[in-house]
Structure formats: C-alpha cells, structure tokens
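**Student:** turn this into a structure:
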Amino acid sequence: MNPFVFACIAPHGGEIIPELSGPIPDRMKLTRDSMLKLGKKMRDAMPDTIIVLTPHGTRIDGFFSVSNSEKMYGFVEENEGFYELERYVDRELARAITEAAAAEGIPIASINYGTASGPISCLPLDWGAIVPLSFMPDVPIVVINPSRELSFKTHISLGQIVNQVVQNCGKRVALIASCDWAHAHDERGPYGFDPAAELLDEEVVGFIRSNELEKMAEFDPEYIEAAKPDGIWQTLILAGAIQKESRNIHLYSYEVPTYFGLICAEITSAFQNED
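**Tutor:** This is a model prediction of the structure:
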C-alpha cells in the first residue's frame with residue numbers, strides 16, 4: 001500500500017530556487033520548471049506533514065537521525081542571493097517513526113537542540129531540505145538523515161517502517177527524497193571528472209523509468225565512490241516506504257547543467273486512476 005498523499009524524488013542544487021539563480025537563470029530552468037509542477041501537485045494533495053529525506057542534515061555515524069525539535073531554520077547563500085526557510089516539526093510523527101524503528105532494532109536517534117521545547121528548540125535546516133521545500137506548501141515537517149555506515153538493506157527496512165507508521169497516524173503525509181546524483185561530471189567541479197558519473201546517472205534514470213529503485217542497492221561501492229551520487233540512500237528509504245507493486249513513477253526531467261545530475265520524478269499509487 002502507498003499511504004502517502006504525494007511523493008517525489010527532487011534535487012537540491014541551490015540555483016533551482018529563483019532567488020538564487022544568479023547571472024544565468026536558464027542554467028537550471030528545466031529542473032526549476034519541473035519543481036514548480038511538483039510543488040503544485042504537492043499543494044493539490046493538501047498534506048498535513050511532509051517527511052523530507054536529506055543527505056545533508058545532522059549526521060550521526062551509524063544511526064539514522066530524525067528531527068525532534070520544535071522547529072527548524074536555515075538559509076542558503078548562492079550567486080550573491082539569500083534564501084531562508086523556517087518550518088515547524090511534526091514531533092508526534094517524528095517520535096512515532098523513531099520509536100517504531102528502534103523497536104525493530106534499527107539504529108536511529110531522535111535529535112533536538114537547545115531546549116526540550118519552545119522557540120529555542122530549533123535545529124538547522126540544511127539545503128537538502130530547504131531547496132525542495134521552497135516549492136512546497138508551508139506545513140510541518142519531519143526531517144530524516146540517512147547513514148552511509150548502515151547497509152542499503154537497512155535503509156529499505158526503515159522505509160518499510162515509515163510506511164507502517166504513516167498508515168496508522170491518521171494524517172495526510174507527503175514524502176520527499178531529496179537527491180542530487182553523480183557529482184563527477186565536470187573536471188572543473190569540486191570532485192573532478194570521472195566517466196562513472198555519466199554511466200551511473202544513466203542507470204539511475206533507467207531504474208526510475210522502469211520502477212526498479214531497489215536495484216540501486218546492487219551498485220558496487222567503488223562505482224559509487226567514483227561517480228559520487230548522494231541520492232541512493234534516500235531513494236532506497238523511499239523504495240521501502242512505497243514498495244514496487246504500490247507505485248508508479250513519472251520522470252519529469254533529468255539534466256546536468258553543472259557538475260552534478262538533477263532528477264525530478266513523481267511517485268503515484270499504482271492503483272490511482274489516471275486522468
């Protein structure tokens with residue numbers, strides 16, 4: 001069963017946000033247009049809460065981390081532009097996910113900052129969450145950060161638990177897997193060039209088109225290290241949360257406007273009637 005009112009795979013390059021597009025606003029236009037479409041679909045779905053899976057939040061070695069602060073705040077600065085975002089946290093849903101996963105032996109930690117509650121209880125909101133959320137409705141969030149010390153199988157298992165919790169929570173919940181892909185497309189980029197980047201992104205696009213997200217767990221570690229994607233872990237959580245027989249995937253766009261790949265895709269219920 002797909003218990004989510006909306007779900008997507010979305011990128012987090014800062015220039016996607018119009019305020020940060022800088023002197024070449026068309027550079028990520030394809031992706032920006034896709035994000036505008038995803039944002040409209042998200043608003044139409046009217047979620048009470050959005051779960052965001054991000055690779056750039058508070059990391060705990062060997063543990064998934066789940067936001068449990070009163071709110072989260074962060075900003076992105078790029079191309080002499082500034083964009084800030086604040087969201088309240090759905091602490092009830094965050095705790096339910098953490099407790100259910102811990103009960104199944106999954107290494108997971110609930111995180112907070114400052115005080116137990118109130119205005120000082122505020123964790124940093126990272127760009128992996130800020131960028132996709134900038135296109136989405138202003139509702140409470142739950143931010144989950146994966147752990148690369150844990151197996152791909154464990155990421156899928158966490159997704160399965162998220163599915164169960166969402167089914168039983170009585171809320172309209174949406175899910176965003178915030179993912180950029182291979183980061184070694186351009187020798188001028190910070191990670192240099194490796195031919196594995198193009199190859200891996202081609203495979204990822206193929207797995208999305210064929211609804212075979214779980215196959216990303218079969219990538220060789222050396223291949224991953226050469227291509228340097230940051231989307232596999234979040235996508236595998238999503239794959240566990242919305243299993244293959246319950247999902248359709250609609251690829252909106254793929255592009256490599258700089259040194260890393262950007263993908264926008266919508267995940268709908270396999271039993272949803274199409275217009």
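**Student:** distance of the closest residue to P140 other than its chain neighbours from F260?
**Tutor:** Excluding the flanking residues, the one nearest P140 by Cβ to Cβ, 6 or more residues apart in numbering is D90, at 4.0 Å. Glycine gets a C-beta too; all of them are placed from N, C-alpha and C. Applying Cβ to Cβ, to the nearest Å, the value for D90 to F260 is 30 Å.
**Student:** for S110, same thing?
**Tutor:** 31 Å.
**Student:** and the closest residue to F4 other than its chain neighbours, how many neighbours does it have?
**Tutor:** Of all residues not flanking F4 in the chain, L175 sits nearest, at 4.9 Å (Cβ to Cβ, 6+ apart). Under the neighbour criterion other Cβ atoms under 10 Å, L175 is assigned a count of 30.
**Student:** go on, Q160?
**Tutor:** With other Cβ under 10 Å as criterion, Q160 counts 18.
**Student:** ok, it to P3 distance?
**Tutor:** The gap separating Q160 from P3 is 11 Å, by Cβ to Cβ.
**Student:** can you pull the poorly scored residue ranges out of the stretch 151-275 of the chain?
**Tutor:** The model of the stretch 151-275 of the chain has pLDDT under 70 over residues 271-275.
**Student:** ok, which stretches of it are strands?
**Tutor:** Per DSSP state E, counting those that start in this stretch, the stretch 151-275 of the chain carries strands over the ranges 173-178, 247-255, 262-269.
**Student:** highest mean neighbour count out of those?
**Tutor:** For the strands of the stretch 151-275 of the chain, the largest average neighbour count (mean count of other Cβ atoms under 10 Å) is found in strand 173-178, namely a mean of 28.
**Student:** partners of it, with directions?
**Tutor:** Using DSSP bridges, strand 173-178 pairs in its sheet with strand 6-10 (parallel), strand 49-53 (parallel).
**Student:** make a markdown table out of those and add mean neighbour count, mean pLDDT and distance to E80.
**Tutor:** A markdown table is the format used below for these (neighbours: other Cβ atoms under 10 Å; pLDDT from 0 to 100; distance: least, Cβ to Cβ, whole Å):
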| stretch | mean neighbour count | mean pLDDT | distance to E80 |
| --- | --- | --- | --- |
| strand 6-10 | 27 | 98 | 25 |
| strand 49-53 | 27 | 98 | 27 |
